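> I'll drop the sequence and a predicted model, then ask my questions.
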Amino acid sequence: MAVNINGLEAWTQTKETLSENLHSTLELLASAPFSDDPASPYARAQAEQSRLLDAMQRHAVAGIRQIDETIAASGIVAEIGALSKEAKAEADALKNAAKTIDGIAQAVNLVAGVVAKFAALPFI
């Protein structure tokens, strides 16, 4: 069974801490006088902002990889693909047809079915 990364306390704490630190850094940058002196609070805050953004990206990539692995290991991937193609075909047909409430309802039913399948994946 896949691990729900949002259920991991360390994952959530890290995400929240990164966000809080970035917020604090941005507040400092907004109030500190501009300076290109590397030792100035402004230049140091810019360096920390870069470090934080890099850490946030690496954290996000780790989460995306986990999600991709979960989807690939899921038994419903082929079913999602087939439903998605059917929903797209219905939407395309609706674009070129007279719009009726029944046609719209059918298109919405199909795409809602795809969304429901995604919601059934173990990580959501």
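Nice, I can see it.
> secondary structure class for residue 39?
Classification of residue 39 by DSSP: H, G, I helix; E, B strand; the rest coil places it in coil.
> brain fart, residue 45
helix.
> and it, what does it touch?
By Cβ atoms under 8 Å, 6 or more residues apart in numbering, the contact list for residue 45 reads 25, 28, 29, 32. (Glycine included, C-beta is placed from N, CA and C.)
> and this protein, what are its domains?
5-73, 77-119 (automatic domain parsing).
> Dump these to TSV, plus mean pLDDT.
Shown next, in TSV, are the domains of the chain (pLDDT from 0 to 100):
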stretch	mean pLDDT
domain 5-73	85
domain 77-119	77
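> Residue 107 and residue 80, how far apart?
Relative to residue 80, residue 107 is positioned 17 Å away (Cβ to Cβ, to the nearest Å).
> what does residue 47 give?
From residue 47 across to residue 80, the span is 43 Å (Cβ to Cβ).
> Looking at the two, which is more packed in?
residue 80 (19 against 12; other Cβ atoms under 10 Å).
> next SSE after the host helix or strand of that one?
Assigned by DSSP states H and E, residue 80 belongs to helix 77-95. As assigned by DSSP H and E, the chain's next helix or strand after helix 77-95 is helix 101-119.
> picking up where we left off before, buried subset of the contacts of residue 45?
25, 28 (16 or more other Cβ atoms under 10 Å).
> Sort out which one of the contacts of residue 45 lies nearest residue 102 for me.
Lowest distance from residue 102 to the contacts of residue 45 (Cβ to Cβ) belongs to residue 25, with 54.0 Å.
> Now do the contacts for the residue of the chain most remote from its centre.
Ranking residues of the chain by C-alpha distance from their mean position (Cα atoms, centre = their mean) puts residue 37 at the top, at 36.8 Å. By Cβ under 8 Å, 6+ apart, the contact list for residue 37 reads residue 43.
> roughly how far apart are it and residue 106?
65 Å.
> tell me the secondary structure for residue 35?
At residue 35 the chain is in coil, as set by three-state DSSP.
> burial of it, as a residue count?
13.
> where's the closest residue to it other than its chain neighbours relative to residue 66, distance?
Spatial nearest neighbour of residue 35, chain neighbours left out: residue 42 (4.7 Å); criterion: Cβ to Cβ, 6 or more residues apart in numbering. Using Cβ to Cβ, residue 42 is found at 37 Å from residue 66.
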